[in-house]
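# any chance you can model this:
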Amino acid sequence: MNAPFKIDTPTTTPAPATLVQRALGGHAAIGLLASALLYIIALTGSLIVIHDRWQRWEQPNIAETASLSPAAAQAAMTAVVAGEAGKPRTTHLYIRMPTPDLPRAVVTTDNGAWYVDGAGKVVGREAHAWTEFVIGLHEYLHLPATLGLIVVGAFGVMLVGLVVTGVLAHPRIFRDAFRIRTRHNTQLARADWHNRLGVWTLPFVLAVALTGAFIGLGSVGTTLLARAYTNGAVEPVYATIFGHEPKPDAARAPLPDLATAIRAQATQAPGTTPTYVIAHDPGTRGQHVQIIAEHPRRLIYGETYAFDGRGVAKGKVGLSDGPIGRQAAASAYNLHFGNFGGLAVELAYMLLGLGLCVVTATGTSLWLEKRRRRGLHSQRMAACWAVVVWGTPLALLAALWLRGAAGPDAPLVGMFWGLMAAMLVAAIAWPLWATAARLRTVAAAAVLATAAGHAALLRPEMGGPIAIDLIAAVSAGAVLWLFRGVRTVRSI
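Okay, the predicted model is just below:
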């Protein structure tokens, strides 16, 4: 008997994914993993670009001075050290010199920080706790310092990955850089804003992401280099960039001569502007002085000039004219935080940072909408994302109110994360309550109320803090106007 006739049925093999499809998949995976914390880092980073101005805004009634003379700097150090009698001896004393952004002199020790007037007299405690809270949230996510820097640095790497995969996933992204279909449905408009802002902010995002990764992961690289070349000692590795320090000698000695050191630095590098005067181990024989001075038209944060306890110059580190790697390392900080070019650059950084916030928010919103169209919509996920986008500024404001009500020692960190956790729990339990529209309205109203209440307490001559209140009020009004009529749960 002949074998039955066999018909071969062709099997369909899925076509291999294209580069665009693979990039799109990688882009979505990285974005979902990083989106919530990346949004918080971007939002707080946009705020702390003007941290000096926030410091004045938070403590508007402190006496200000345009400069601090060498004699006044010496008097300020003497007054602060005398005021800390009975406390543990400080190992480092920093004098932050007045600048146009912050025309106040601040003396910081291991035990606290104090404002001093133009004569070097202590006039009040430095207590801008909310500003420091926001800085800590951006730089460390309130984790222990080294771990926090590593985590935030890792998010910088993720952001670079998002930028690269986002560009690869949209071959026409540059050709369509100015195409926004605002008259089409909400999803198309949101996608266009996501893509267009991604293009417009691309150089900025790459700059801050790469420098953020460099700053945050620097400790990891330093540890690896130390294990490879210095038997695990990290100090020699840091010294290749920031310079070596003399050996300590704890024997008692008169306080260092800061006045002579400041005068010598002005002679050694005319045209530079001292920003920090640092006394290491003050009151000991091993004490020495460093002066960090800004160089005009340079991206470096400053050059470090070294002096002994008598104010005799011992050279400089070479951040301004040393090896190119050292200059690049000293330039990463200003490039990341926008501390160059004055107010115009700061405002540009803030706007671009807010653009990154919009890109992050719309990216996850687009993914949630795609899930909805596939029948996988989750009101709880949408509500949780609304809490991240609009609950974060609300929690930041709540921390500010707590600081105003309870003083600079209030537990701002615990309150912020506790409130965020409570809002997320509420979003899971009652998703119809935690809508983007409701949270957005509450956040904008809170900004308006805060700006109005703060401005009412200021004197007319306090132009800087009043300007911040005005900008905040206008921004909150603009948010309410732009989103007027938008009530859907899926909106950002």
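# where does the stretch 201-350 of the chain have low pLDDT?
Within the stretch 201-350 of the chain, no stretch has pLDDT under 70.
# break down it into its helices, ranges please.
Along the stretch 201-350 of the chain, counting by DSSP state H, counting those that start in this stretch, helices occupy 202-216, 218-229, 235-242, 258-268, 324-337, 343-373.
# can you add mean neighbour count and distance to Ser475 and give those helices back as TSV?
Yep, even glycine has a C-beta here, placed from its N, CA and C like the rest. Converted to TSV, those look like this (neighbours: other CB atoms under 10 Å; distance: least, CB to CB, whole Å):
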stretch	mean neighbour count	distance to Ser475
helix 202-216	19	19
helix 218-229	14	34
helix 235-242	16	38
helix 258-268	20	41
helix 324-337	17	21
helix 343-373	19	9
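# could those helices go into TSV alongside distance to Val123?
Shown next, in TSV, are the helices of the stretch 201-350 of the chain (distance: least, CB to CB, whole Å):
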stretch	distance to Val123
helix 202-216	33
helix 218-229	36
helix 235-242	32
helix 258-268	19
helix 324-337	28
helix 343-373	26
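# mind checking these for the one nearest to Met97?
helix 258-268 (9.1 Å; CB to CB).
# ramachandran angles for His105?
Residue 105: Ala, not His. Taking degrees, to the nearest 10, you get phi -100, psi 130 for the backbone angles of Ala105.
# which ones are touching it?
Neighbouring residues of Ala105 by CB atoms under 8 Å, 6 or more residues apart in numbering: 65, 68, 72-73, 76, 95-98, 115-118, 120.
# which of those fall in strands?
If you go by DSSP state E, the contacts of Ala105 have 95-96, 115-116 in strands.
# of those residues, which is the nearest to His142?
Arg96 (23.5 Å).
# so how far is Arg53 from the closest one?
To Arg53, Arg96 is 15 Å away according to CB to CB, to the nearest Å.
# quick one: which of those two has more around it?
Neighbour count, other CB atoms under 10 Å: between Arg96 and Arg53, Arg96 has more, with 22 against 18.
# and that one, bridged to which residues?
Counting by DSSP bridges, Arg96 is bridged to Val106, Tyr276.
# for the helix or strand hosting Phe155, list the C-alpha coordinates in PDB.
Element membership for Phe155, per DSSP states H and E: helix 145-168. Output in PDB follows, covering the C-alpha atoms of helix 145-168 (Å, rounded to 0.1, in the frame of the first residue of the first chain):
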ATOM      1  CA  ALA A 145      25.300  60.400  50.200                       C
ATOM      2  CA  THR A 146      27.500  57.900  48.300                       C
ATOM      3  CA  LEU A 147      24.700  55.500  47.500                       C
ATOM      4  CA  GLY A 148      22.400  58.400  46.400                       C
ATOM      5  CA  LEU A 149      25.000  59.800  44.000                       C
ATOM      6  CA  ILE A 150      25.500  56.400  42.500                       C
ATOM      7  CA  VAL A 151      21.700  55.900  42.000                       C
ATOM      8  CA  VAL A 152      21.200  59.300  40.500                       C
ATOM      9  CA  GLY A 153      24.200  58.800  38.300                       C
ATOM     10  CA  ALA A 154      22.700  55.600  37.100                       C
ATOM     11  CA  PHE A 155      19.600  57.500  36.100                       C
ATOM     12  CA  GLY A 156      21.800  59.800  34.100                       C
ATOM     13  CA  VAL A 157      23.000  56.700  32.200                       C
ATOM     14  CA  MET A 158      19.300  55.600  31.700                       C
ATOM     15  CA  LEU A 159      18.500  59.100  30.400                       C
ATOM     16  CA  VAL A 160      21.300  58.800  27.800                       C
ATOM     17  CA  GLY A 161      19.800  55.500  26.800                       C
ATOM     18  CA  LEU A 162      16.400  57.000  26.500                       C
ATOM     19  CA  VAL A 163      17.700  59.800  24.200                       C
ATOM     20  CA  VAL A 164      19.600  57.400  21.900                       C
ATOM     21  CA  THR A 165      16.800  54.900  21.600                       C
ATOM     22  CA  GLY A 166      14.200  57.600  21.200                       C
ATOM     23  CA  VAL A 167      16.100  59.100  18.200                       C
ATOM     24  CA  LEU A 168      16.600  55.600  16.700                       C
END
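# and the angle from whichever helix or strand comes after it to helix 145-168?
The first helix or strand that comes after helix 145-168 along the chain, using DSSP H and E, is helix 186-200. If you take axes from the mean of the first three to the mean of the last three CA atoms, to 10 degrees, helix 186-200 sits at 110 degrees to helix 145-168.
# quick check, Thr44 in a helix?
Yes: counting by DSSP: H, G, I helix; E, B strand; the rest coil, Thr44 is located in a helix.
# quick one: contacts for it?
Thr44 neighbours (CB under 8 Å, 6+ apart): 134-135, 137-138, 396.
# one more: Ala261?
Contact analysis of Ala261 by CB under 8 Å, 6+ apart lists 277, 289, 291, 307, 311, 313.
# the third one contacts Ala259, correct?
Looking back up the chat, that one is Ile291. No: assessed by CB atoms under 8 Å, Ile291 is found out of contact with Ala259, at 11.7 Å.
# sorry, back to before: in helices, which of the contacts of Thr44 appear?
134-135, 137-138, 396 (DSSP state H).
# which of the residues you listed sit farthest apart?
Spatially, the most separated pair among the ones in helices among the contacts of Thr44 is Ile135 and Leu396, at 12.2 Å (CB to CB).
# between these two, which has more neighbouring residues?
Remark: of Ile135 and Leu396, Leu396 carries more neighbours, 24 against 18, as counted by other CB under 10 Å.
# show me what the nearest residue to Arg125 once chain neighbours are set aside is bridged to.
Spatially, and ignoring its direct neighbours in sequence, Arg125 is nearest to Trp114 (6.0 Å; CB to CB, 6 or more residues apart in numbering). Note on Trp114: beta-bridge partners by DSSP bridges are Val107, Arg125.
# check contacts around Trp114.
The contact partners of Trp114, by CB under 8 Å, 6+ apart, come to 80, 83, 106-108, 122, 124-126.
# in ChimeraX, select just the buried ones from these.
To isolate the buried members of these in ChimeraX, using 16 or more other CB atoms under 10 Å:
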select :80,106,107,108,122,126
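# ok, so of the contacts of Trp114, who is nearest Ala145?
When those are compared for distance to Ala145 (CB to CB), Thr108 wins out at 16.4 Å.
# is that closest one in contact with Glu84, as I believe?
No: Thr108 lies out of contact with Glu84 (CB under 8 Å); the separation is 11.6 Å.
# low-confidence stretches in the stretch 1-150 of the chain?
For the stretch 1-150 of the chain, the stretches flagged by pLDDT under 70 are 1-33.
# where's the residue nearest to Val208 when sequence neighbours are not counted relative to Gly148, distance?
With CB to CB, 6+ apart as the criterion, Val208 has its nearest non-adjacent residue at 5.5 Å, and that residue is His336. Distance, His336 to Gly148, by CB to CB: 16 Å.
# OK, contacts around the closest residue to Ala233 other than its chain neighbours?
Nearest non-adjacent residue to Ala233, counting by CB to CB, 6+ apart: Ala226, 5.7 Å away. By CB under 8 Å, 6+ apart, Ala226 lies in contact with 232-234, 236-237.
# one step back: packing partners for the helix holding Phe155?
If you count contacts as 3 or more CB pairs under 8 Å, 6 or more residues apart in numbering; DSSP states H and E, helix 145-168 packs onto helix 19-48, helix 129-140, helix 202-216, helix 218-229.
# identify whichever of those lies nearest to Phe340.
Of all the helices and strands packed on helix 145-168, helix 202-216 comes closest under CB to CB, at 11.9 Å.
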